Structure formats: structure tokens, C-alpha cells
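>>> Provide a 3D model corresponding to the input given below.
(2 chains)
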2 protein chains.
Amino acid sequence: MDKIKLADYLFKRIQDLGVDTTFGIPGDFALPLYAAQDRLGLKTVVMTHEPSVGFAADAYARLRGFGVAMVTYGAGGLNMVNPIGLAYAEQSPVLVISGSPETRFRDQKPQLHHCVKHFDTQLNVFAEVTESQSLLLDPKKAQVEIDRVLDTTVKTSRPGYLEIPRDMVNIDIDVNERAPKSVEGHSAALKQAIDDIQTHLQAAKQPVMFVGAETRRFHLKEKVVALAEALNIPVVTSILGKASFPESHKNFIGNYFGQFGNPKVREYVESADCILSLGAVLTEMETGGYTAKLPAEILIQLTSNEITCGHRAYNGIDLKSAVDGMLERFSSSSKNNTNLPKFTVPQIADEVIMSSPNVKHLTVAGMIEALNAHVNGGYSIISDVGDCLYAGMSIKTDIFIAPGYYSSMGFGVPAGIGAQVATPERRSIILVGDGGFQMTGLEMSTAVKLGLNPIIIVFNNGSYAMLKHIDKQRDYYNLQRWDYTALAKAVGGDGMQAQTKGEFEKALKAAHASNKMFLIDAVIEDGDISPTLRRLTEHFGAKVRASIS
Amino acid sequence: MDKIKLADYLFKRIQDLGVDTTFGIPGDFALPLYAAQDRLGLKTVVMTHEPSVGFAADAYARLRGFGVAMVTYGAGGLNMVNPIGLAYAEQSPVLVISGSPETRFRDQKPQLHHCVKHFDTQLNVFAEVTESQSLLLDPKKAQVEIDRVLDTTVKTSRPGYLEIPRDMVNIDIDVNERAPKSVEGHSAALKQAIDDIQTHLQAAKQPVMFVGAETRRFHLKEKVVALAEALNIPVVTSILGKASFPESHKNFIGNYFGQFGNPKVREYVESADCILSLGAVLTEMETGGYTAKLPAEILIQLTSNEITCGHRAYNGIDLKSAVDGMLERFSSSSKNNTNLPKFTVPQIADEVIMSSPNVKHLTVAGMIEALNAHVNGGYSIISDVGDCLYAGMSIKTDIFIAPGYYSSMGFGVPAGIGAQVATPERRSIILVGDGGFQMTGLEMSTAVKLGLNPIIIVFNNGSYAMLKHIDKQRDYYNLQRWDYTALAKAVGGDGMQAQTKGEFEKALKAAHASNKMFLIDAVIEDGDISPTLRRLTEHFGAKVRASIS
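Residues are numbered from 1 along each chain as shown, chains lettered A, B, ... in the order given. So this is what the prediction gives:
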């Protein structure tokens, strides 16, 4: 048994998880934590506002498997509830570390600054939006509690919460060697499940693999690619799962978003006779507002929470074991024994959303065209919500990060920074509406501070376009027009405005050539939206309008 | 019994409370609420980001007695936890109204967008930061629940929370006439308390009245002024209570902030032989980090939560009744019978913090001097936290709004907008550090949209100055330098930079002459802080530094 300072144990464990940078804002209750991480050589990115801290740590976590958001008590922690709620909903393994008042105050109950009702207010709040929580009050339990929260965060790919009083940070704790993890073995249930999946596939003529975000969250991307190749099965991804399967892969045929996405992809998926759904949690968004057709009879559904094949469910099997089991059964070396039919991958054209050459002003279609001509493996696409997300679905990319399920605005710019910190070899292209940009866009200053050069594309249509299209034009859907390029320059970046497709292409070239953070103010023709958003608002608009009158 | 739509009942009650404008951001789950308030002629201010919504509604509530923040579910509500926590801590009567998914979904439990763990996540979170809450699921209980939450919000001057599913907004509810409120009468306990207070005052030679924020929250300002005049007692205010007593009044002698404030005020208060504390909740901040000397023997303490005189406590008396009782007993007409000594009000000079004429660069002292020469009854002062708040304590004003207890950064700019919406006859002067401005400062765009002309003064010292002074210089306390005046212009306002006192005076004059929102980028000499912050950081620095090493 060794003695070590609590913070040293925590930050070393975090480093062992592959984290080299945390995100946060210091505040008086968190200063000992900040000094400790500094002492241990862990870098930190100080953001401008706590909502951005959560979004940046989330993007980092999606790409690196673990992210850390470190803030002060009350004014810090309570300002990060929404992004951590988002990370919970979308299964991103973000650890929140919050400082808090000294343990001795807990008996005296003084009314300290940053306190709301009582000392446990923040802990109780975070219990609602994290998978595991601990308030570290007892040095004897510190290791066990830290291990529990970190292990749960990794295992469930959901946020965890550690609150550390100021006098606990540098306290000596006893540390025991951690017991090695038990290896989850193949079970009889797993064999049964794989047998049944094999039977379904043997009977299939036109199967399709539907890949969701969990395959990325649980680090199964390469195995899923190998499985798709072994089966030679066509692959579609969900909205949250976009780019969880490489879009440049020959088996990839598009994104499936129920009746809102590319009609040709929809037609293919909905005429399939077997759907092998991998890591796609069937939320409202993943199913295109429940318009997706995924009949139980032909659905093989594998997520971290359930394994089903047709109407049969299998207990006690985790997603990774299921994928491993399938890969073992269907890999080329053993495939000869499975009697699987030879499947074919169809050619499905991208939806034609080319802008008409007669249109003078910039359109969303024109932006997609230009971006598809421009984006290559040196870029990641990070999107906010709104039409930038639906347009973004049409951009071919292998890294795409967006809050496609929880749908919180303000994610784009801070997440784009977090993504570039996580993968410095890729430049972030950030797609963001003017509404989302007005929430957190000035965070671009942090990119300048770090010497990062994301390209920020503001979809400037002067309104909450989605609300306008599901309801009708109302004054309170209008947004102020900001001089976005002037803002970029005022914080040390660069930028250009584009009002035509030609100007947009020119701006993209300038951004590409620039080493600086570069903002493109894309002024979109009034009322112009992507085909996906048009289909979506037509569907939801009727319901929303009925509820208004 | 009448039938009325739920939203109509709610918004009419809100209008009856004197509210003509709500603050918020629309989102799909809140659209029926937005349409309903529009139909009823209630104006709304759409802000850019939910944290700002909470701060603006808070400032409006402090000035008008009730404020409303209306948002969508999840991404909206959960993004407002910190400002509502602030409003709870500082007793501001803000009503949060959130839309939410239709009631029929609650049985089906689908995973809708903006949902975290389950449908009650947001309700549970807000239970931690509001005094009363209700999720309106039953038309039969709607009136009772709305009344309960609104009445509690007014009575306790703490936030309330109403969550209204989309299909409940326009549902018909039965409405009964409300029972008239019972008038709280004088009790025997009240007479006993006033007798004891009279005895204490009769024995006093040098009493002082210590006025806190609750006198404003419970609309007692005019009565407290009358009481001070009747007693001819000198008056000091607390940090959160600043300007709760008019600073131009002849009985006002300064702000008392324990050992951190004006030493001459401190000396006078700490040599007093009777302290009549009215509406000052003795939190960490109100007591200057518990350095204030308020010995129980000589303390008469009246708040909404407790009435004590020396070591005696009195139950069942509310603050208003206590003030009414004192006013009745001590008013000039009846004072002859109370045998009170004739007290005198001392002349206490403001702390000399004049900037040295030799200093070339702008200092905090120079800004205070210039502002005191400039501020008059046409202005309100709204402050963020940090040295702008401590400097702001030295500005003479009759309206001063700041998060002096909870101390959340980011309050200043949105609260300054909320204040000017609440009292259009007064122009807001917003004091904000560069750290606070970088959180929510772009909200100034909303002032431009509304045609408001606040003056925003950015204390630009390129750092989280308070953290640097309670710890030491570290890289992560440095802030990016933004071109703040360019930002103001980019959103349609105007601005000037000031690097010397002369330039600051010139900028103030230009701001005064301008009809636009006007930002002054006040570039402060490095390391220059107010005397109050210097004393405060010397006191807390030792503790913080000890916890770091």
C-alpha cells in the first residue's frame, strides 16, 4: 500500500486513460486542483464560458475515449449542466471534476459564495445528468470512489462527476494495486445469439448494416469495418452515427434518416429483408422522428443495452463481445462454413441537391457542393444543430461530430476546438447556424489563443430557420445580423463574407491557404434550406402548428 | 367557475403581477407558450443564450418585483441552472416557465430530443435551485398549482418553476375566484420584539442601521427610509444591499464590508453600541468573509427568516410586519413617547482612492473618480463580479444591481439589459471585467435590437485578476485581449478604447452624448486593483495559497 496525494492519484489515472489535456475555467474553489494538474504535467485549455467547457470536453472524449471538464463550484459547475446532459444523452465519456468548499464547512453550514440551497445542491443536480457521482470526503474511500467513477465513465461511455473539497486535493490517501479486470468470456447466450444472427443472414437476399454512434463510443470502428467487409454487406449510418463508418469505404451507401434523408437510401433500406443494426440506439432522432422502418421481424439490434434478433432477446452479452463473436464467425477464414449468400453492395447516388446555376445568391446546396469538392482526410467536420447539421449530412467525411440526438445549439464552435485539440493532425471545419453561433461562437478566441486554425462556416440566414419552418414567420424568430467576419478579426482570427457560390468557393480557398482561425460568413438566400430540413419541417410542422392553435 | 385556457390564466396572472415583458429563447417544445403570450399582448425579449435569459429576468425581477424566463425543454432549461441558482441565493423572484414534451409521451417513454435520463430530469434539477415547482399534467389542478408557485415566488422572493407539456398549453381549465389573502396582523410576539428593540435603542449612544438586499426584495425601501429618518440613525448598506438605501440620502454614511471596505466606515460601525440590521442575510459576502463585527449582544437582526434582538428570538413575525411595527412605534408623531436619545449622523469621508496625477495609464481609482463625476439619477449601475464590483461599491448611486453574494461571472451585460427593460427611464451603466464579458458580453447585441443604449465599461486587465491576486501569476489566469470596441461595432453599437484617465473621461462624455449602446474598453494598468480587492485578496490569499501547496 502506497501513500499518494489524492489529486496525484486522480490525474495519473486520467493520464493513463490517454488524456493529455483537460478543459475548464479556474475559480477559487478549484485552484488547488488546477495547481495539482499543472504540477503533474497535464495541460489545460481555459475556455471563456462553462457551457463551452462541457462541449469541448465532449468532443475530445468522443475522439479520444475520455475527456475532462474541470470547473469551480456553483457558478462553474451549475453552468455546465446542459452540455453534460448532452454528453449523457449521446454517450460521451466526459468526467466532470469540480472543486468545492472545505469539508470542515459542512458541519458549520455557513452561507458561502457560489452556494445555492445547501452544500449538496450541485451533487444532486449532477446525479440527474451523470451515470456515476462521488463527493470525496473520506481519504480512506478516495481510491475506491475515484476508480468507481472513472471505470463507470469508461464502461458506460456516460459522464461521471467527482466533487473534491479544497482541503481534500492534497491530502495523502492510501492506494492499493488495482485488481486486474475480469475478461468477459463467450457465453452460451452469445453462441445462441450468433447462431440466430447467422440463420437470419443465411435467409437474407438484401441485408443492410445500420451503424450508430455506439460503435465509435465503444471503440469498435475497425472491427465493424472488418465485419462489413467479411459479409460484404452494404452499410448505412444513422444521424448521430454519421461517419462512425468511414464514408469513403466501398461498402458505405449513405445515411439513413427515415423519411427525411436521401430518398434513394431510404428506398434501399426499407426494401431490405434483414437489418443488422450495430450500436444505433433507436431514439427519436436516430429513427427520423420514428419514421424509420425497422420491423422487428427482420431487425438484428445490437447496442450496449440490448441484443435482439427478430423477436428474441439475449441477456448478459455486451456489445463488444457480440461484435467479436460475429467477426469470429463470419471472418473470411471461417466464412466458408457459414453458408452465407454472396451479398452485393448497390451503387446509390447522392441526392441531387445541386444549386441551380441561375440562382444568384448563395444556397445551402451550393455550400454542400463546394465543401464536398474541398473536404479531404485532413479535415474533421463538427456541426451545431439546425440546418447546418442536415446539410452536413451530405458532406462526405470520416470524422463528423454533432449533437444529432440531444440537439443543443451552441455545440459547434467549442466542440470544434475540442476536436482539434484531440486530433491536432486534422483541421476542424465547423458548421454552425447564426443562432448557435450567437450562443457560443466567440469561443473562437480560444482557438486563436491555442494557435489552432479551425474553419468556421456560419450559416447566416438571420433567423431560427427551423422554428420558422415548423411554425410560420414571427418576429421572435428573427436574429440580429452580426458582422461575423469583423468579430473573427476582433479576437485575432481572419474571415470573409460570401453572398454567392463563387464567393463561398473563394473564401474556402482562402481559409485553406490560411494558417489562422478563419470564419466564413455564408449569407444564405432567405428561405433556402436543405432538402432534409424541408422534409423534416413538413413532417413536424403540422404537429407543432396544431399544438399552437 | 369559468373556463379558460391554461396559458391564458398563467399569463394574465403574470400581467397582474406587473410584468409586461418576459425574457427567453423559443424552441420547439415552447412554441405554443410563445404564441399564447404573444396573443395575450405580453412582450418578450429573445436573448442569444439561456444563461443570459436567467440573468436578464433576474435583474427585471429585482426592479419590478417579478420576472419571467421562458425557455424550451432540456437544451433550454438545463442551460439556465446557474442563473436560477444565483436568483435563489440572492432572493430574486424569477419564474422559470419551460415547455416540455406532450403528456401522452410520458407513458410511452420514447427517447425524444432534448431528453437526458427521463422526463423528470429537468424537474428534479430545478427542485434543487427553486423554492417551488410544478409540472402541470392535470387540468383540474392547474389553477391551484399555478397559484401556489406564483404566490410562493412572490412571498419568498425566490425562483419558482413551472413546466408545461406542449399539449397542456391551450387546454381549458376550470378557474375559481381566488380567496382573498389573509392580512397578517400584529401579534403579541411583535409587540414584545418592538418593546425589546426600543429598550436597546434607548440605551444606545451610537447606533447604526445596517441595510441589506431584503429591504428591496420585500418592497420596504420607502418604509426603511422613513424609519431611518424617524430615528435619525446613520445607515450603512451591505455589499449585496448596496443602494437598497438611497446613497444620496443624508443619513447614508457608506457601505460596510467588514475589514475589506472603507476603513472609516468600518471603524464607525465597529464602535457602534447597537446595530439595527434590516434585511441583511449574514452570508459570507455580506459579512466580508466573516470579518464583519456584529456581536450578538448589540445586534438587532431582522430578515425574512429571523427576528432577533440581542440573544432573544421571536417567532411568527414577518419582516414587513416588523418594519411596520417599528415605523408605527418610532414615527415622529409617536416618538415623543419612546424616550429615544437624539442620535447624530456622522460625516464620513469616502475612501481616498484618487489616482495619482503621475500615473500615465488608466487606473481603477481614476475610473471611479470619473464615474462619480458623471453618474446621476438618470443611470442605474449594474455590475458583474470581480474588481468591477469592488470598484463599483465606491460609485454613488441609487440603483445598483450585482450578484454580490453568489458571485457568478457573466451577470453584468444581460442583467444590464434586463434592468433597462424594467426601468426604461434609466440608462444602464454596466461594469464588467474582461473575464465576465467574454462569457456573456455579446448579449449587447440584444440591447441594439431593442434600441436600448446601455453604457458597457469593460475592465480590461487581460486576466482573471482576482485569482491572480489570491494565488500568483500563472499562465492559466491570462485572458485573450479582444478588440472590444470592434465587437460592439460589429453588433451595431458604438465604442471607444481608453488607456488614460483623460481618454476615459472623453469616452464617458461620448457615451453620454450617444443614443446607441456604447462600450468603453478601459485598459487598466497591469496589477492595478481597487483598495477593497487588495484587502480582500490579502485576507483570502493566504488561505488559498495554503490549500494549493
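
>>> what pLDDT does the closest residue to residue A:482 other than its chain neighbours get?
Nearest non-adjacent residue to residue A:482, counting by C-beta to C-beta, 6 or more residues apart in numbering or on different chains: residue B:491, 5.3 Å away. Where C-beta positions appear, they are placed from N, C-alpha and C, glycine not excepted. Residue B:491 is assigned 98 on the pLDDT scale.

>>> Let me see the domain layout of chain A.
A:2-175, A:188-335, A:364-548 (automatic domain parsing).

>>> Show the average pLDDT along the shortest one.
Domain A:188-335 comes out with an average pLDDT of 94.

>>> contacting residues around residue A:93?
A:61, A:65-67, A:87, A:153-154, A:156-160, A:217 (C-beta atoms under 8 Å, 6 or more residues apart in numbering or on different chains).

>>> hmm, try it at 7 Å
Going by C-beta atoms under 7 Å, 6 or more residues apart in numbering or on different chains, residue A:93 touches A:61, A:65-67, A:153-154, A:157-158.

>>> looking at these, which has the most residues close by?
Top of the contacts of residue A:93 by neighbour number is residue A:67, holding 31 neighbours under the definition other C-beta atoms under 10 Å in any protein chain shown.

>>> Give me the pLDDT value at the closest residue to residue A:442 other than its chain neighbours.
Counting by C-beta to C-beta, 6+ apart, residue B:442 is the residue found nearest to residue A:442 once chain neighbours are left out, at 5.6 Å. With respect to pLDDT, residue B:442 scores 98.

>>> Next, residue B:442: phi, psi?
phi -70, psi -10 (degrees, to the nearest 10).

>>> hang on, isn't it packed against residue A:444?
No - judged on C-beta atoms under 7 Å, residue B:442 makes no contact with residue A:444 at a distance of 11.5 Å.

>>> follow-up on the earlier one: can you name the two of the contacts of residue A:93 that sit furthest apart?
Within these, two members stand farthest from each other by C-beta to C-beta: A:65 and A:158, at 13.1 Å.

>>> neighbours around the residue nearest to residue A:482, how many?
Around residue B:491 there are 25 residues (other C-beta under 10 Å).

>>> Got the phi and psi for it?
phi -110, psi 10.

>>> got the contact list for it?
The neighbours of residue B:491, taking C-beta under 7 Å, 6+ apart as the test, are A:480, A:482, B:442, B:444-445, B:448.

>>> Also residue A:90?
Residue A:90 touches A:213, A:240, A:403, A:405-406, counting by C-beta under 7 Å, 6+ apart.

>>> May I see the residues you listed organised as a markdown table, with secondary structure added?
Listed next are the contacts of residue A:90 as a markdown table, based on DSSP: H, G, I helix; E, B strand; the rest coil:
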| residue | secondary structure |
| --- | --- |
| A:213 | coil |
| A:240 | coil |
| A:403 | coil |
| A:405 | coil |
| A:406 | coil |
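
>>> Keep the residues you listed, but drop any that are not near chain B.
With the criterion set as C-beta under 7 Å from any C-beta of the partner chain, the members of the contacts of residue A:90 near chain B are A:405-406.

>>> Any chance of the contacts of residue A:90 in CSV with distance to residue B:122 as columns?
Formatted as CSV, the contacts of residue A:90 follow (distance: C-beta to C-beta, whole Å):
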residue, distance to residue B:122
A:213, 23
A:240, 21
A:403, 17
A:405, 16
A:406, 13
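
>>> Redo the contacts of residue A:90 as JSON lines? Include neighbour count.
Formatted as JSON lines, the contacts of residue A:90 follow (neighbours: other C-beta atoms under 10 Å in any protein chain shown):
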{"residue": "A:213", "neighbour count": "28"}
{"residue": "A:240", "neighbour count": "26"}
{"residue": "A:403", "neighbour count": "28"}
{"residue": "A:405", "neighbour count": "25"}
{"residue": "A:406", "neighbour count": "27"}
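
>>> Name the nearest of the contacts of residue A:90 relative to residue A:436.
residue A:403 (10.1 Å).

>>> mind listing what residue A:289 touches?
Counted by C-beta under 7 Å, 6+ apart, residue A:289 has contacts A:258, A:539-540.
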